[in-house]
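K.L.:
Predicted model and sequence follow; I will ask about them next.
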Amino acid sequence: MSELTHINKEGDVHMVDVSEKEITERIAVAVSIVKFPKEAFETIKENGFNTKKGSLIQTAVLAGIGAVKKTSDLIPLCHNIPISKVDIDIQPTENGFEISCLVKTTGQTGVEMEALTGASVAGLCIYDMCKALSHDIIIGPTRLQEKKGGKRDFKR
């Protein structure tokens, strides 16, 4: 296992210096699952995935995009980077949703945290809009699916 990059030799946290890294295209995809009790999911499905608060899927997409753009405000050691693309896809499953969040940039550090944040917040938005139906909605697992660019690529 390699060393933790956010801990210096003295054991203190620090933001990684990326100034010497090569500028490359960086892409990350994260996936989050939202699971509903069967009755609750049937109710929102019967309503065309619309709630009193509006379109469930479109609102969650907007929440996820907003979260991607705010990741460095939420994760203390995350760099504030220019985002060139966000694509959030939310697909109904048997009793829930699969959320996929693709984030792209050209820069010196990756966008894994942005993709994970976008997928997570989209799931939280779905929970918020549906909690009146049930508090047994489960968010997760949330995981990195793929990353490209930088030192090493990853694909699950």
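P.N.:
That came through fine.
K.L.:
In stretch 43-50, which residues are buried?
P.N.:
Neighbour counts over stretch 43-50 (16 or more other C-beta atoms under 10 Å) mark 43, 44, 49 as buried. C-beta coordinates here come from the backbone N, C-alpha and C atoms, glycine included.
K.L.:
so where's the protein uncertain?
P.N.:
For the chain, the stretches with pLDDT under 70 are 1-2.
K.L.:
same thing but at 80, please
P.N.:
1-17, 19 (pLDDT under 80).
K.L.:
Could you point out the helix or strand that follows the longest helix anywhere in it?
P.N.:
Across the chain, the longest stretch assigned as helix under DSSP state H is helix 112-130. Toward the C-terminal end, the helix or strand that comes next after helix 112-130 (DSSP states H and E) is strand 138-148.
K.L.:
Please identify the buried residues of that next one?
P.N.:
Neighbour counts over strand 138-148 (16+ other C-beta under 10 Å) mark 139, 142, 144, 145, 146, 147, 148 as buried.
K.L.:
now stretch 103-122
P.N.:
Here stretch 103-122 shows 103-105, 107-122 as buried, counting by 16+ other C-beta under 10 Å.
K.L.:
And it, how far out from the chain middle?
P.N.:
Its chain's C-alpha centre and that of stretch 103-122 lie 7 Å apart, by C-alpha atoms, centre = their mean, to the nearest Å.
K.L.:
about what we covered before: looking at the buried residues of stretch 43-50, which is nearest residue 97?
P.N.:
residue 49 (8.9 Å; C-beta to C-beta).
K.L.:
Verify the stated contact: the closest one with residue 55.
P.N.:
Yes: in terms of C-beta atoms under 8 Å, residue 49 counts as a neighbour of residue 55; the distance is 6.9 Å.
K.L.:
Let me see the ranges of the helices in the chain.
P.N.:
Using DSSP H, the helices of the chain run over 38-46, 56-69, 71-74, 112-130.
K.L.:
Measure how the longest one sits relative to strand 138-148, angle-wise.
P.N.:
Counting by axes from the mean of the first three to the mean of the last three C-alpha atoms, to 10 degrees, helix 112-130 lies at 150 degrees to strand 138-148.
K.L.:
closest to residue 82 out of the helices of the chain?
P.N.:
Residue 82 lies closest, by C-beta to C-beta, to one member of the helices of the chain: helix 56-69, at 10.1 Å.
K.L.:
Quick one: list the elements packing against that closest one.
P.N.:
strand 85-93, strand 96-107, helix 112-130 (3 or more C-beta pairs under 8 Å, 6 or more residues apart in numbering; DSSP states H and E).
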